[in-house]
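Visitor: A structural model of the following input is requested.
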Amino acid sequence: MLSAGAWEQVTPESAGWRYLHFGVRQGSFSAETGEVEVVLVPLKGRCRVEADGQRWEIGGRQSVFDGMPWAVYLPRDTAYRVEADRPLELAVCGARCHARREPALVRPEDIEIEVRGAGNATRQINHIIKPEFPAERLLVVEVFTPAGNWSSYPPHKHDEERPPGEVVLEETYYYRTAKPEAFAVQRLYSPRRGVDVTVTVRHGDLMLVPWGYHTTCAAHGYDLYYLNALAGDRRSMAAADDPELAWVRPAWEAMEKDPRVPLVTLEGRRG
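Guide: Next up, the predicted model:
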């Protein structure tokens, strides 16, 4: 786990994996994608993005809890410029790739909202870059977990190539909270590797998930947001549940979903 303020960006070299990049930028800047396909997701504020002779205006939410996301997909070998209209915090998700594809805008109305789970494992998934999206490796989702609820549950992993039930994916969890005192608990464990780690995560922290089962719980009284970037050789998010806890998933059929979810819609934050 990388604590807020102790990291700037994650690269394949720093993480010890093959593909995935992640960082958060503030204000205006210019950059090049190089060998990486990139997705820009405004976390706060509004900006203009210029690349390949095109221009997009994206963002506008005051925080991740105030509205649905915008995003821009930029292909590899692309020079681009971000101009902030107001204080801007921008997630830069990326993955090494081979082919150069077309830039694309993702609007809030394009985002599929999924209400997953039931009971106190109900959460909201916003699918920003889905497997069906014409990228090569990169996948991006954001997750809202109501106060006191569990998400990424049952604990699951994606570190073995056994399609269609499981594929290998590198993943980052970037956390945001609405209050500075808020926190969540993240568990990462792998019986095969003899690892079992449970950590407290707070606003701005980043968790790297190269392997192992993982799950998250939001502290009572505080809703939790995290942005997941994933990359692998297949355009799939297939994962394997911990077999000791997999019984939870069919049990949801007999349970009510948490009425607080979805927390955020096109109209803004509910409640």
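
Visitor: I'd assumed Asn126 was in a strand, is it?
Guide: Yes: counting by DSSP: H, G, I helix; E, B strand; the rest coil, Asn126 is part of a strand.

Visitor: okay, now it: neighbour count?
Guide: 21 (other C-beta atoms under 10 Å). Every residue, glycine included, has its C-beta placed from N, CA and C.

Visitor: how about the one 10 residues further on?
Guide: Here the count is done by other C-beta under 10 Å, and Glu136 has 18 residues near it.

Visitor: now it, nearest residue through space, not along the chain?
Guide: In space, and not counting its chain neighbours, Glu136 is closest to Cys97: 3.9 Å by C-beta to C-beta, 6 or more residues apart in numbering.

Visitor: alpha carbons of stretch 36-44, as CSV, please.
Guide: The C-alpha coordinates for stretch 36-44 follow below in CSV (Å, rounded to 0.1, in the frame of the first residue of the first chain):
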residue,chain,number,x,y,z
VAL,A,36,1.0,3.5,-23.3
GLU,A,37,-2.8,3.8,-24.0
VAL,A,38,-4.2,6.3,-21.5
VAL,A,39,-7.5,7.1,-20.0
LEU,A,40,-8.0,10.5,-18.3
VAL,A,41,-10.7,10.6,-15.6
PRO,A,42,-11.3,14.0,-13.8
LEU,A,43,-11.7,13.4,-10.1
LYS,A,44,-12.4,17.1,-9.3
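
Visitor: residues of that stretch that come out buried?
Guide: Using 16 or more other C-beta atoms under 10 Å as the test for burial, stretch 36-44 gives 36-44.

Visitor: run the chain-centre distance for that stretch.
Guide: The chain centre lies 11 Å from the centre of stretch 36-44; the measure is C-alpha atoms, centre = their mean, to the nearest Å.

Visitor: and Ala124, how close does it get to Arg76?
Guide: Ala isn't right for residue 124; it's Gln. 31 Å (C-beta to C-beta, to the nearest Å).

Visitor: next one: Pro103
Guide: 11 Å.

Visitor: more neighbours, these two?
Guide: Taking other C-beta under 10 Å, Pro103 and Arg76 do not tie; Arg76 has more neighbours (20 against 17).

Visitor: phi, psi of the more buried one?
Guide: Main-chain torsions, Arg76, degrees, to the nearest 10: phi -60, psi 160.

Visitor: help me confirm that it comes into contact with Gly34.
Guide: Yes: counting by C-beta atoms under 8 Å, Arg76 does reach Gly34; the two are 6.7 Å apart.

Visitor: list the contacts for the spatially closest residue to Val248 that is not a sequence neighbour?
Guide: Spatial nearest neighbour of Val248, excluding adjacent residues (C-beta to C-beta, 6+ apart): Pro154 at 4.7 Å. Residues near Pro154 by C-beta atoms under 8 Å, 6 or more residues apart in numbering: 215, 241-242, 245-246, 248-249.

Visitor: and the closest residue to Thr33 other than its chain neighbours, what does it touch?
Guide: Take Thr33 and drop its neighbours on the chain: the residue closest to it by C-beta to C-beta, 6+ apart is Thr78, 4.6 Å away. Contact analysis of Thr78 by C-beta under 8 Å, 6+ apart lists 32-33, 38, 51-52, 100, 103.

Visitor: and which of those is nearest Ser190?
Guide: Distances from Ser190 to the contacts of Thr78, taken as C-beta to C-beta, are shortest for Val38 (29.9 Å).

Visitor: how about that closest one, what does it touch?
Guide: If you count contacts by C-beta under 8 Å, 6+ apart, Val38 has them with 21, 73-74, 78, 80, 92-94, 138.

Visitor: find the helix or strand that it is a member of.
Guide: Secondary structure from DSSP states H and E places Val38 in strand 36-44.
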